[in-house]
Every structure is written in C-alpha cells, then in structure tokens.
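# structure for the following, please:
(4 chains)
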Number of protein chains: 2
Amino acid sequence: MSTGIRRATIADVAREAGVSTSTASVVFSGKVNVADATRQKVLAAAAALGYTGPDPRAASLRTGRSGIVGVVLGGELRHAFLDPVTTAMMDGLTDALASISTGILLLRDDPREDEPPAIAEAPVDAVVLIGCSTRAREVLDVVRQRGLPVVVIEGDGGDDVPQVTLDNREASATIARHVLQLGHRRAATITLPLDSARERALITPAREASATVSVTLDRLAGFREAFPDAVAITAAGSLVDEGYLVGRMLLATDDGALRDDRPTAIVTQSDLLAVGAIRAAEELGLRVSEDLTVVGFDGIAADGLGSLELTTMAQPALEKGRAAGEQVTRMLEGEAGESVHFTCEFRAGETAARPAVRNSPVE
Amino acid sequence: MSTGIRRATIADVAREAGVSTSTASVVFSGKVNVADATRQKVLAAAAALGYTGPDPRAASLRTGRSGIVGVVLGGELRHAFLDPVTTAMMDGLTDALASISTGILLLRDDPREDEPPAIAEAPVDAVVLIGCSTRAREVLDVVRQRGLPVVVIEGDGGDDVPQVTLDNREASATIARHVLQLGHRRAATITLPLDSARERALITPAREASATVSVTLDRLAGFREAFPDAVAITAAGSLVDEGYLVGRMLLATDDGALRDDRPTAIVTQSDLLAVGAIRAAEELGLRVSEDLTVVGFDGIAADGLGSLELTTMAQPALEKGRAAGEQVTRMLEGEAGESVHFTCEFRAGETAARPAVRNSPVE
DNA sequence: TTGTACGCGTTATCAA
DNA sequence: TTGATAACGCGTACAA
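Residues are numbered from 1 along each chain as shown, chains lettered A, B, ... in the order given. This is a model prediction of the structure:
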C-alpha cells in the first residue's frame, strides 16, 4: 500500500497547510483575497508536497472551460504545415487568440469514416473550421450540438454560423479576364483538389459534379467566366511538385515533346502550383512570360521564383485568421459572432504577357 | 427553473432509455459487450436528447488521459508557422502521433514573465519541447513535476530527458571549413537569434555570454572553428528579410556603397537568412557566387532562389519531428524513451565558389 | 448482461 | 477572510 506514486491533490495541500480545500484552491486561482500568512502556509505546503497547481482536467470539468481553441483542418494535418496560406492564417489566428487562450488544438476532420470526428472528444472552448471538405457538415453538427462557438473560414457553414469568406469566384474571374485581355485564347487551369481523395486528373463534368471543395469550385467558376471551354486539370494538392507535374501534362507529350495544342496561358489556383508550372515550362525550354503566361493565386509564395515576380491575386491570409480569432473571442465573451468578408487584390508580376504571334490568329 | 440550457448527460440518457448509467456509458465506450436491443434503446435516447457523447472534460478527469500531446514552441507561435524547419518537424510529429493522439496542442513557452508556463494548465498526456529558449528549464520542471512524458527537440533538457538532437556544431564546422578551403579568408556569419529578445546586433563577447539559444551558439562555435575572428551578426529571426538587412550591413555602408572590407563569404545559420543575404548582394550588384559566396543551413528553403541552388547543410527536419513523436508514443505505452541523434549532410549548390582575385593576397 | 456506488480533483456557493 | 458542502460528468470495480 501507499506506493507513493499518487500525485498530491489540493486536498493534500490543504491538509498539510492546515486550511480548508477551498482556501487552498483560492490561493492558486487568486480570485479572492487571502491573508498573506495563509497564502504562505499553503504555498509552503504545496512546495513540500510537490504540488504544481490544479489539475487542468479537474479544473476544466468544474469551470467548463479549458482555455483551448480547436482548429479543424481539412485533410491531413501535415498538409496544413506545408501550405503557406494555412500557416499564415494560423499565424493570424494565434495572434488574435493570444489573450484568451492558452493554446490551439490542431485537429483533422477526416479520420476513419466510421468514427465521429475528433472534435467530438476534444476539450475545447471554441472551434475554428478551416477549409474543410466533405465532413464539414458533420463536424459542424457535432460542434453545434456541443454548444460550442464556431467560426468557419472559407467553408459552407450555412445559416447562422459566422464565416470568414474570400471573393474566390470574383478574384479568379478578375485574373482570368486579365489573361483574356492580354490576348490569350488557349488557356488552361490547374485547380486545387476537388475532394479529399486528392487525385490528379482531368476535370470532367462528372468529376466536377461530385466535387466537394468549394474553394476549388468557386475559383474554377470564376475562371470559366473568361474561358468557358478551357481544359482544367485538378492537382493532388497545393504543391510545387503538383504544379510541375500538371504543367508538364499540359505542355508536353509523354515523350517530352512540346504539344502543338499546348495552352499559351496557365491559370493556377495557387502560387505553389504556379511555381511548379513555371518550372515545368522552363525545363521544356519555354520562357515565362514570353512563350507562356502563368498566373497564380494567393500572393504568398512569391519567394519561390527568385527575381521573377509572379502575377497573382493576393489574398489577406493572415487577416483571415486574425478575423476568425477575433470573432471567436467575441463569442466566448458572450457577444454574437459576425461574418467577415475579404477580397483579393490583383498583383501584376512578370509572368503574364501577350501571347506570342504563333497563337494570335487562332480561330 | 429548468431554463433548459443545461446539456444532457449520460445519466439523462440512461434514465430516458430506462437503463443504468453504467450501461449507457458502456454503450458509448464500446469496451464491453452490450445486448443489441439495449444499445439501440440507449442510442435512441441519446438522439432524442441530443446527447453527442461523453463530455471530454469529465471523461478525461476520470481516465486521466486527454488524447492530446502538447507541443511547446520557443517564442511566439507565429514564428513557428513561418519557419519551414519547424513546420517540417511538426509535419513529422503529427505523422508519428496520428495513431495515439486526437490532436496536438500548440503552446508557447514565453508568456508574461510572472506567470507559470501555459503548459502547467494544459490537459495534455505528453509534451514535446521544440527549440526552446530561456524558459525551457522552467517548462521542463513543470512538466516533470506533473509527471508527463516529455521529449526535447534540440534543447538542453539535461539528464534523463529523451532528446532529439542535431550535430549543429559539427555541421557548421563542416560547411565553414568548406568555405575556408575554397580560399576565403574574410568571412562573416549571420546567426539565428541569441535569445528571446531577438535583437539584430553585432555579436560581442558580452552579448554572446548572455545568449540562451543553444542552437545558435552551437552553430556559431562550429563556424569559429574555421573562422575564429570573423564578424558575427545575429539576426532578429530566421527570416528572408532579416538576412537581407544583415547582408546589407555586412556588404555596404549606410549610403549604399560597397564596403572595401566586406566579406568574400557569408555563412548563415539558416537557408532563409541565406536567401535574404543573396538578395542583398544581388541588389548591390554582386554576383553570387562569382563575387560573393553565401551558404545556408537547413536544406529546406531551396525554393526561394529560382534556379540557383543554395549550398547548405541539409538537416532531416521531418525525421526529427517523427522521431520525437515515436518516442512520445513509446513513453505513453510505458516504455522508456530514448534519445535520438541526427546528422546534417553537406549539399553542394551553386552559391559557393573560390573568392575573386581581389581577395586572394590578403594577409 | 446490468445496476449500485464511489471517486477522479476541482471550484462555486453560501454561511460563518 | 475562511470553511463546509455540493456539484461538475463520467468510468469502473463489484455485486447481482
């Protein structure tokens, strides 16, 4: 008996100090004034027993708060860290949350199909949904069922959930029209994944109908406003490598020869994809922008190109995260959360230009 | 009375279903066989009452586990998301933790000076300390006091704490010697921050003595093996912009004229810093590597340079994170954690070359 | 297979 | 300023 492994509790400390548990508790929470002598006694007892403070689990059960905000990310957590837009949002989010939260809990929304989302079992005070896909509704249901404040960043939360949105469709239309006005007639687009399967593939009407990622669909719709019939290929992720692979598919045949019917402009749905496409082009001997126009989306990975400035739509990713954090804070303070809408800004770079003569007389 | 706001508990569900609470509990935990009819009754009752499952706080108090692993990051959380090495580590970490943890809790280690570290109040099952600074010891004390398994990535956890380490000093010495052997005699180094103050400044002996970030000091020591008396400037962060600013300080005077005593080689402690230094050089009309050698560290931001390949020491950042996750997993399963050591690999790029003649006859 | 009873460690309420 | 008491919501021996 008394293997001594059991950690000291606040009751032990109180007993050791000769006070009641409530007094000891108050010493640690600091919410009520305690006589200095009493405080010292309790602190001494705590030190003697190696008591570090209230067990967060018990405290949280009692108070109903954990100080943790859950961030639910679509797809694998790992993707989140590889995507500069997401990390920028997290940056803004943690910033806005710093005052009310001890930390943020990263969760994914697609565990094994048959299990409830992880958020169902996470001790969080509020939830931020980022770029979620198929299971977003399910996650939302669980969260609302639990009565947690929730904010959705770029997802279709529906009805009464505060959302942080971006003018994806309009922004895409803007940059696509820019390309059109430069004179391009044969454009192609590389999109973000259509669903959580994340398969690289030509986008057919059937495939498009079963897509679930609204960001992708919105940007595609914007693109189609300028180029209704253009080829669209979905990438398996927002990665440079994917941009490279799809770029090659668009520009060259399998044996590495340039295709005659290659596009004169590639409109991508992310800067990372654009960087990859540019690499593919350069490797094939095409100069950007003289021989090929490539434009991006996000305005974040401008780093990847050396001196070449990417023509893109810049989105306020950090601000999106910050706005979400601010709304969560408000809601935790009992106020109502509000939706916030952001717009992208066209950023002229050096990767878009008029098409070469070869294409001018087409159709 | 009965404002109806109170959420249903498992006791309510049990009553509604006409079974005992333990039966209802078992239905949700699934640990014991329950008659199918009973299960249906309970599930129906739960649905009727809008009961989503056990309250994680209460469950966690009871079982002593939360399914959460805390990741303590040095400095602001925001820096973490901006640093590719950290994100790569997180990537590996989440990967290794996926099977045993519902999510990872991001915490910072430097809140207001007078408060206990956030980790003291976080409901976590285990802790991973990443690149911590001043308060690492304090955090470690709290964590050990709480009896939580802990793994330290590149910090001086001391004695019996499993650590994931990197050969920072040796790797730095390797690349510095490479620069020396190319013939450079006038080298300078741009280091990571020395402490959590993160001030950009010339490194004096006094300043070095008060430094707290061991990674920085180790890499500096390695550099000094080759260049004992070289100028060293500490950057305010591992950022391209910082590399640019410090690079300018080293290469030009305030009015933008090239300094006569400028170094012929700049050895930086991170690839991001190197990218910035290269930008500064190019802006001043210096060609890398013809006029100036710049080398990095990390092997991760090779993206930022377009076609130019950075000469650098590549570190297995993802593997470091994965190793930490694996050790945590082991410890949670009752086994002892082990330290794991990784080494960097020299990666020859195009940014290091023999110095131009101008410098060859120096001293 | 189901039910009873207890404790996990804390904090809020209220009274002294 | 301090103390007694009652939840908080759950899991799990143990008994039936």
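
# what parts of chain A come near DNA strand D?
Within chain A, the residues that sit near DNA strand D (C-beta under 7 Å from any atom of the strand) are A:18-23, A:26, A:32-35, A:37-38, A:58, A:61-62. The way it works is simple: take the backbone N, C-alpha and C, and place the C-beta from them, glycine included.

# one more time with 6 Å
Proximity of chain A to DNA strand D (C-beta under 6 Å from any atom of the strand) is limited to residues A:19, A:20, A:21, A:22, A:23, A:32, A:33, A:34, A:35, A:38, A:61, A:62.

# could I have the buried ones of these as ChimeraX selection syntax?
Here is the ChimeraX selection string for the buried members of those, based on 16 or more other C-beta atoms under 10 Å in any protein chain shown:
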select /A:19,23,34,38,61
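
# got TSV for the residues of chain A next to DNA strand D, with secondary structure, distance to residue A:146 and pLDDT too?
Supplementary listing: the residues of chain A next to DNA strand D in TSV, determined by DSSP: H, G, I helix; E, B strand; the rest coil; distance: C-beta to C-beta, whole Å; pLDDT from 0 to 100:
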residue	secondary structure	distance to residue A:146	pLDDT
A:19	coil	37	91
A:20	coil	34	90
A:21	helix	30	90
A:22	helix	30	89
A:23	helix	34	92
A:32	coil	31	79
A:33	coil	36	82
A:34	coil	35	85
A:35	coil	41	88
A:38	helix	39	90
A:61	helix	15	90
A:62	helix	18	90
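
# which two from the residues of chain A next to DNA strand D end up farthest apart in space?
Greatest spatial distance among those (C-beta to C-beta): A:35 and A:61, at 28.8 Å.

# what's the weakest-modelled helix or strand in chain A?
In chain A, no helix or strand scores lower on mean pLDDT, DSSP states H and E than helix A:77-82, which sits at a mean of 75.

# if we check chain B, which of the residues of chain A next to DNA strand D are in contact?
Subset of those in contact with chain B: residue A:61, counting by C-beta under 8 Å from any C-beta of the partner chain.

# what about the strands in chain A?
Listed in chain order, the strands of chain A (DSSP state E) span A:68-73, A:103-108, A:126-130, A:150-153, A:163-166, A:187-191, A:201-202, A:231-234, A:265-268, A:293-295, A:312-314, A:340-342, A:345-347.

# count of residues packed around residue A:239?
Using other C-beta atoms under 10 Å in any protein chain shown, residue A:239 has 18 other residues around it.

# distance of residue A:96 from residue A:90?
Residue A:96 sits 11 Å away from residue A:90 when distances are taken as C-beta to C-beta, to the nearest Å.

# if you count what's nearby, which of the two comes out ahead?
The neighbour count for residue A:96 versus residue A:90, taken as other C-beta under 10 Å, is higher for residue A:90 (31 against 20).

# which one is that one nearest to, not counting chain neighbours?
Spatial nearest neighbour of residue A:90, excluding adjacent residues (C-beta to C-beta, 6 or more residues apart in numbering or on different chains): residue B:81 at 5.1 Å.

# remind me which residues of the stretch 251-363 of chain A are low pLDDT?
Per-residue confidence for the stretch 251-363 of chain A (pLDDT under 70) gives these ranges: A:301-307, A:357-363.

# at 80 instead, please
Under the criterion pLDDT under 80, the flagged ranges of the stretch 251-363 of chain A are A:301-308, A:357-363.

# what about the helices in it?
Per DSSP state H, counting those that start in this stretch, the stretch 251-363 of chain A has helices spanning A:271-283, A:317-332. These are given in chain order.

# so which of these comes closest to residue A:43?
Residue A:43 lies closest, by C-beta to C-beta, to one member of those: helix A:317-332, at 30.8 Å.

# would that closest one count as contacting chain B?
No - for helix A:317-332 and chain B, the contact criterion (C-beta under 8 Å from any C-beta) is not met; the two come no nearer than 9.0 Å.

# between strand A:103-108 and that helix, find me the angle.
What separates the directions of helix A:317-332 and strand A:103-108 is an angle of 110 degrees, with axes from the mean of the first three to the mean of the last three C-alpha atoms, to 10 degrees.

# buried sites along helix A:317-332?
By neighbour count on 16+ other C-beta under 10 Å, the buried set for helix A:317-332 is A:317-332.

# got it, and stretch A:94-110?
A:94-98, A:100-110.

# cool, stretch A:275-291 as well?
Of all the residues in stretch A:275-291, those buried under the rule 16+ other C-beta under 10 Å are A:275-282, A:284, A:286, A:288-289, A:291.

# tell me the one of the buried residues of helix A:317-332 nearest DNA strand D?
The shortest approach to DNA strand D among those belongs to residue A:332, at 17.6 Å (C-beta to the nearest atom of the strand).

# how about that closest one, what does it touch?
Listed by C-beta atoms under 8 Å, 6 or more residues apart in numbering or on different chains, the contact partners of residue A:332 are A:100, A:125, A:126, A:149.
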